[in-house]
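[1] how would this look folded up:
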Amino acid sequence: MATTARIVTPDPLLWHKPQRPPILQQIGNTPLLKLERVSAGLRPGVEVYAKAEWFNPGGSVKDRPALRMIEQAELRGDLTHDRTIIDATSGNTGIGYALVGAAKGYRVILVMPENVTEERKQLARSYGAELVFSSPLEGADGAIRMVRDRVAADPDRYFYPNQYDNPDNWRAHYFTTGPEIWRQTEGRITHFITGVGTSGTFMGVSRRLKELNPAIRVITVEPADELQMIEGLKHMESAIVPKIFDPRLKDGEVRVEAEHAWDMARRLVREEGLFVGFSAGAAVHAALKVASELDEGVVVTVLPDGGAKYVSLGLFE
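    So this is what the prediction gives:
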């Protein structure tokens, strides 16, 4: 039974929503889908659901923080049309920035590791973003360092949202994704499990759910070690840790091998008809692991993006 929730903070951007271009009004309110076939071996009292974030117009969960970081900067006066939006990205947040920039008329520069998939590069360019590539050997951290150097050299030219350290990243999920999951499960959710990259999804959703019901357990998903490459996920022990990440919030963690993430992504498209990316595969693998240890419960995870951005990797063949 759902716990009676205390009053939570209203979204300060509510009044701003009618002013958004029509395409940006479609961000959020994504479906919550029950996983049937991949969860067939669980006990009868256990249900597993996944939030289908590729339904956002930019194709990923990152549309939510990209929009919020830009709109809050507009309200503060930090972002005007004589400044260029610049940030480090492995792809999805960058596509979100490019989408919002195209709809609102901002120039966007994205710094990303050179080895991100060709599909992500082309999607960002299609919205008009300029791409700058960092060393593939340095991953997301190399892109972060390159952006910091550029902004330090010419601070008046750029607006740097800094998705890894910007609290509007997690607030996007506190005010949207978290309440959506609560409504869609009718308050029955018992476990929330998601991958951490910037950690915005985990931090925002978990904070909101814990306010609504402190008994909900929130669990992170990370690569098993620093050598396991799963797009969108950070191995926190060996990476630049985002300032918005607070490990004290989590009730546990699941470490996932890259091979298991890839296998689950293939299973999801072939058994559930869900064509998703590999971080989604990792999240579902972890959610099923947690669910397998329960006698009853409602487990929810997030499918951050669709699989179309990863076809060139050949892992779906």
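[2] Please count neighbours and contacts with C-alpha atoms only from this point.
    Fine.
[3] After the lowest-mean-pLDDT helix or strand in the chain, heading C-terminal, what element do we hit next?
    In the chain, the helix or strand scored least confidently by mean pLDDT, DSSP states H and E is helix 139-153, which has a mean of 92. Scanning forward in sequence from helix 139-153 by DSSP states H and E, the next helix or strand is strand 158-159.
[4] which element follows that following strand toward the C-terminus?
    As assigned by DSSP H and E, the chain's next helix or strand after strand 158-159 is helix 167-172.
[5] quick one: that next one to chain centroid distance?
    11 Å (Cα atoms, centre = their mean, to the nearest Å).
[6] same question, stretch 288-303
    19 Å.
[7] Name the surrounding residues that touch that stretch.
    Residues outside stretch 288-303 that contact it (Cα atoms under 8 Å, 6 or more residues apart in numbering) are 39, 42-54, 61, 188-194, 276-277, 279-281, 283-284, 287.
[8] what does stretch 66-82 give?
    Here stretch 66-82 has contacts from 13, 24, 93, 96-97, 100, 105-106, 157, 159, 161, 163, 166, 168-169, 172, using Cα under 8 Å, 6+ apart.
[9] What residues sit buried inside that stretch?
    Neighbour counts using 16 or more other Cα atoms under 10 Å place Ala66, Leu67, Arg68, Met69, Ile70, Glu71, Gln72, Ala73, Leu79 of stretch 66-82 among the buried residues.
[10] Nearest to Leu313 among those?
    Ala66 (25.9 Å; Cα to Cα).
[11] Next secondary structure after the helix or strand containing that closest one?
    Assigned by DSSP H and E, Ala66 belongs to helix 63-76. The helix or strand immediately downstream of helix 63-76 is strand 84-88, counting by DSSP H and E.
[12] Give the other helices and strands that the following helix or strand past that following strand contacts.
    Going down the chain from strand 84-88, the next helix or strand is helix 92-104, by DSSP H and E. Counting contacts by 3 or more Cα pairs under 8 Å, 6 or more residues apart in numbering; DSSP states H and E, helix 92-104 is packed against helix 63-76, strand 84-88, strand 108-113, helix 118-126.
[13] okay, these in a markdown table with distance to Trp182 and mean pLDDT next?
    A markdown table is the format used below for these (distance: least, Cα to Cα, whole Å; pLDDT from 0 to 100):
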| stretch | distance to Trp182 | mean pLDDT |
| --- | --- | --- |
| helix 63-76 | 17 | 95 |
| strand 84-88 | 31 | 97 |
| strand 108-113 | 34 | 96 |
| helix 118-126 | 31 | 94 |
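[14] what's the closest of these to Phe133?
    strand 108-113 (5.1 Å).
[15] sorry, back to before: I'd like to know which of the helices and strands packed on helix 92-104 is closest to Lys210.
    Of these, nearest to Lys210 by Cα to Cα is helix 63-76, at 20.1 Å.
[16] Now for Tyr49, how many residues are close by?
    Using other Cα atoms under 10 Å, Tyr49 is surrounded by 25 other residues.
[17] What of Met236?
    Neighbours around Met236, by other Cα under 10 Å: 17.
[18] That one and Lys243, how far apart?
    Between Met236 and Lys243 the computed distance is 12 Å (Cα to Cα, to the nearest Å).
[19] for Glu130, same thing?
    27 Å.
[20] Neighbour count: these two, which is higher?
    More crowded of Glu130 and Lys243, by other Cα under 10 Å: Glu130, with 16 against 13.
[21] what is the more buried one paired to in the beta sheet?
    Under the criterion DSSP bridges, Glu130 forms beta bridges with Ile109.
[22] right, and it touches Tyr106 too?
    No: in this structure, Glu130 is not within contact of Tyr106 by Cα atoms under 8 Å, at 11.6 Å.
[23] Narrow the contacts of stretch 66-82 to those that are buried.
    Buried among the contacts of stretch 66-82 (16+ other Cα under 10 Å): 24, 93, 96-97, 100, 106, 159, 161, 163, 166, 168-169, 172.
[24] Closest to Arg150 out of those?
    Ranked by distance to Arg150 (Cα to Cα), the buried ones among the contacts of stretch 66-82 are led by Phe159 at 11.2 Å.
[25] Excluding chain neighbours, give the residue nearest to the closest one in space.
    Leaving aside its sequence neighbours, Phe159 sits nearest to Ile85 (Cα to Cα, 6 or more residues apart in numbering; 4.8 Å).
[26] so what's that neighbour up against?
    Tyr97, Tyr106, Arg107, Val108, Ile109, Tyr158, Phe159, Tyr160, Pro161.
[27] what about 7 Å?
    Applying Cα atoms under 7 Å, 6 or more residues apart in numbering to Ile85 gives the contacts Arg107, Val108, Ile109, Tyr158, Phe159, Tyr160.
[28] Which strands or helices does the least confident helix or strand of the chain pack on?
    strand 84-88, strand 108-113 (3 or more Cα pairs under 7 Å, 6 or more residues apart in numbering; DSSP states H and E).
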